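Chemist: can you look at this prediction? I've put the sequence above it.
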Amino acid sequence: MILSFLRIILLTCAATMLVMIVSRAQNNTPVLKTDVPLDSIRLSDPFILADKATQTYYMTGTGGKLWKSKDLKSWTGPVTIAQTDPKSWMGPTPMIWAAELHAYNGKYYYFATFTNKAVKLGEGLERRACHVLVSDRPDGPYVPMRDSTYLPADKLTLDATLWTDTDGKPYMLFCHEWLQNGNGTVEKIALKPDFSGTTGSPKLLFLASDSPWSREKNKDGTDRPNKVTDGPWVFRTQTGKLGMLWTSWIYDVYTQGVAYSQSGTLDGPWIQEKDPITPPNFGHGMLFRSFDGKLLMSIHSHRSINGRTVRVPKLFEVDDSGDRLVIGKQILYER
């Protein structure tokens, strides 16, 4: 009798635990952490919005989760903020890469790459595309707008970002992935005024092969430019020079370069700098100004932990007072 009673208790506990595990998996609710140092966070493509209205730094990136901080030293998160439409082309549980947060005309916009692993394009490539969500608050939730797609359905695109050009129009910049075209691109397309969709056709800005610094090996062992374009970020220096950060590889080392527009507009032509702009093993950077007025670069690097490669967000000081960005010292916060 006692053994039967104990068995019932054990079975009930096991069932309860299983329900909790399944429920958590379905809700995809991350465990909230507080007072987390920046270099303890595991995050690719870290993007930081310095929101003046709330005097808070909001960090997101690949995975789509959100972290918050008042001082860039201690962070709280991660929190799920993206609410996609499960009936859309993305499916019920899309992968999210390289999310960005942009404040524009009183709204907040979530630019990200969404992947539906269940939908295959040519040669078995998973459907991947840039899309924009909207919120009234920097910490979301971010929800879909009117248009179901922003770019051609048969085109693998990633790493969307925002820039308003000298014509006063907002544009989405993105990469056409090298897995599909063999030579990655950076392109632009005009956004509707409320960002609910795009207008017109994409325009090529430059190719991965335009880079003089990226490298990979041909089959015969000779060198060629690397075919990857990753993480475009547009900026203007204090002298008015228009530039763009972007990332590729030097053999097996993730590396960030920079290009400058001769015309001062997105249409270029874009002239690639001879050398990378950041040290080796840093890439997918963006710029923001801290609340005390410093221009900073948020970027990630790789490191090995227990034999596993992880990506960790880092910060660098940046000088934009001249015609060229100058990368300063890395910021190391003491605890």
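Modeler: That came in fine, so what should we check first? Residues are numbered from 1 along each chain as shown.

Chemist: report the strands that pair with the longest strand belonging to the chain, each with its relative direction.
Modeler: Criterion DSSP state E: the longest strand present in the chain is strand 107-120. If you go by DSSP bridges, strand 107-120 pairs up with strand 95-104 (antiparallel), strand 126-135 (antiparallel).

Chemist: can I get these in CSV with distance to residue 201?
Modeler: The C-beta positions use only the backbone N, C-alpha and C, and glycine is treated the same way. Shown next, in CSV, are the strands paired with strand 107-120 (distance: least, Cβ to Cβ, whole Å):
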stretch, distance to residue 201
strand 95-104, 23
strand 126-135, 15
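
Chemist: and the spatially most central residue of the chain, how far from residue 215?
Modeler: Nearest to the geometric centre of the chain sits residue 98, at 2.0 Å (Cα atoms, centre = their mean). As judged by Cβ to Cβ, to the nearest Å, residue 98 and residue 215 stand 23 Å apart.

Chemist: same check on residue 227?
Modeler: Look at residue 227 and residue 215: by Cβ to Cβ, they are 11 Å apart.

Chemist: who's more crowded, these two?
Modeler: Higher neighbour count among residue 227 and residue 215: residue 227, with 20 against 17, using other Cβ atoms under 10 Å.

Chemist: the more buried one against residue 216, yeah?
Modeler: Yes: with contact defined as Cβ atoms under 8 Å, residue 227 reaches residue 216; the gap is 7.0 Å.

Chemist: give me the below-cutoff pLDDT ranges for the stretch 201-335 of the chain.
Modeler: Applying pLDDT under 70 to the stretch 201-335 of the chain flags residues 333-335.

Chemist: now do the helices in it.
Modeler: Secondary structure of the stretch 201-335 of the chain (DSSP state H, counting those that start in this stretch): no helices present.

Chemist: now do the strands in it.
Modeler: Shown for the stretch 201-335 of the chain, the strands assigned by DSSP state E, counting those that start in this stretch span residues 216-217, 223-224, 230-236, 242-250, 253-261, 270-272, 283-289, 295-305, 308-319, 326-330.

Chemist: parallel or antiparallel, which strands does the fifth one pair with?
Modeler: Looking back up the chat, that one is strand 253-261. Short version: by DSSP bridges, strand 253-261 pairs with strand 242-250 (antiparallel), strand 270-272 (antiparallel).

Chemist: give the burial count for the closest residue to residue 318 other than its chain neighbours, as a bare number.
Modeler: Leaving out its chain neighbours, the residue that sits closest to residue 318 by Cβ to Cβ, 6 or more residues apart in numbering is residue 295, at 4.5 Å. By the criterion of other Cβ under 10 Å, residue 295 has 19 neighbours.

Chemist: let the chain start at 14 from now.
Modeler: Sounds good: first residue 14 from here, last item residue 308.

Chemist: bridging residues for residue 308?
Modeler: Note on residue 308: beta-bridge partners residue 302, judged by DSSP bridges.

Chemist: isn't it up against residue 300?
Modeler: Yes: counting by Cβ under 8 Å, residue 300 is a contact partner of residue 308 at 6.2 Å.

Chemist: between these two, which contacts overlap?
Modeler: Residues touching both residue 308 and residue 300 (Cβ atoms under 8 Å, 6 or more residues apart in numbering) are 331, 333.

Chemist: right, I'll call it a day here.
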